[in-house]
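A.B. asks: what's the 3D shape of this:
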Amino acid sequence: MGFPGTWMTTSESVVYRVVPKCACSTIGQIMYYSDHGEYFDGDIHDAQSGLHKWALEGSKEPITQNVQNHSSYSFTCVRNPYTRILSSFFDKICGIQRNGRRYRGNLVPQLIQRYGIDVGGPDGTGEFDQIASFRRFLLFARDSIRFRKPMDPDIHWSAMSGHISTFIVNGGTYDRIIWTEDFNAGMQDVLDAIETPHSVELSKVPRFNESAGHGPKRLHPVEDYFDDLSMHLVYEIYKRDFRLFRYDFENPASKAPLGEIDLDEVHAKLGD
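C.D. replies: Got it, this is the predicted structure:
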């Protein structure tokens, strides 16, 4: 299986396991800058050079050698499951993607037909009941993850622990897992632990939120989207994420983690 979703600087200063919807655009740009002294011009996900990516054929061998030998500092980044699934909904389901089309072609029309989801019309600009529509999307997300119906789960709303585990199962070891909610402090710890060709001042790094502007603005506080049934569905999907990364399941309004991540526990429980 190798190391899907793994990026590495060309200088091999650091290895990063991408978790979608967890500051991956910003992290990728920081890695790119640390090697080249400039940011990639465009969405870092489109970069075909200047950064090793598992999806690039020429990167597979150096990534495999590095990760299996633990030659470089390796890290990943996680996010509160409540805000992550909400972000996925507004970006991928309600939003028009940067190619000018809906995400995954017929996915949204299928959800409108099967689950009664409303996304604000063809261009996403119409008014719609965001809360009711999101809760119906949650049913779809649960069905795709638990039962792989009506389709396989998408990387943007499948559990973070699933992404993170592939790195461990295939021989990788994490030195750090940082939180999106405390990004600068966590990313600074990563930068302090490595040597890069170009130094990075985090206070000057722009936020490369590639999904911003794709979808409608969220109109309500996070907690308003989750009633008792919605919380049950979220826990059914993301139970391991809440436990391993120390997020508060009981209170959707509480974004911050409740305690430190135990890396030994993560490796033990996700390495099976």
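
A.B. asks: Where do the strands of this structure begin and end?
C.D. replies: Under the criterion DSSP state E, the chain contains strands at 6-8, 14-17, 52-53, 73-78, 176-179.

A.B. asks: Out of those strands, which is closest to residue 126?
C.D. replies: For those, the distance to residue 126 is smallest for strand 73-78, at 33.7 Å, taking Cβ to Cβ. For the C-beta atoms, the positions are set from N, CA and C on the backbone; glycine is no exception.

A.B. asks: Need the contact partners of that closest one.
C.D. replies: Identification of contacts with strand 73-78 by Cβ atoms under 8 Å, 6 or more residues apart in numbering yields 13-19, 22-24, 27, 67, 160, 163-164, 167, 172-180, 183, 186, 190, 193-194, 241, 245, 261.

A.B. asks: filter these to the buried ones?
C.D. replies: Neighbour counting by 16 or more other Cβ atoms under 10 Å classes 13-19, 22-24, 27, 67, 160, 163-164, 167, 172, 174-180, 183, 186, 190, 194, 241, 245, 261 among the contacts of strand 73-78 as buried.

A.B. asks: among the residues you listed, which are in helices?
C.D. replies: 24, 27, 67, 160, 163, 164, 167, 183, 186, 190, 241 (DSSP state H).

A.B. asks: distance of the last one from residue 136?
C.D. replies: Okay, so that is residue 241. Taking Cβ to Cβ, to the nearest Å as the measure, residue 241 falls 22 Å from residue 136.

A.B. asks: And for the third one?
C.D. replies: To residue 136, residue 67 is 39 Å away according to Cβ to Cβ.

A.B. asks: do the same with the first one
C.D. replies: In this structure, residue 24 and residue 136 are separated by 27 Å, where distance is defined by Cβ to Cβ.

A.B. asks: Give me the pLDDT for residue 214.
C.D. replies: For residue 214, the model assigns a pLDDT of 64.

A.B. asks: Helix or strand with the lowest mean pLDDT in this structure?
C.D. replies: When each helix and strand of the chain is scored by mean pLDDT, DSSP states H and E, helix 107-115 comes last, with a mean of 92.

A.B. asks: circling back: which members of the ones in helices among the buried ones among the contacts of strand 73-78 are the farthest-apart pair?
C.D. replies: By the measure Cβ to Cβ, 67 and 183 form the most distant pair in those, at 23.4 Å.
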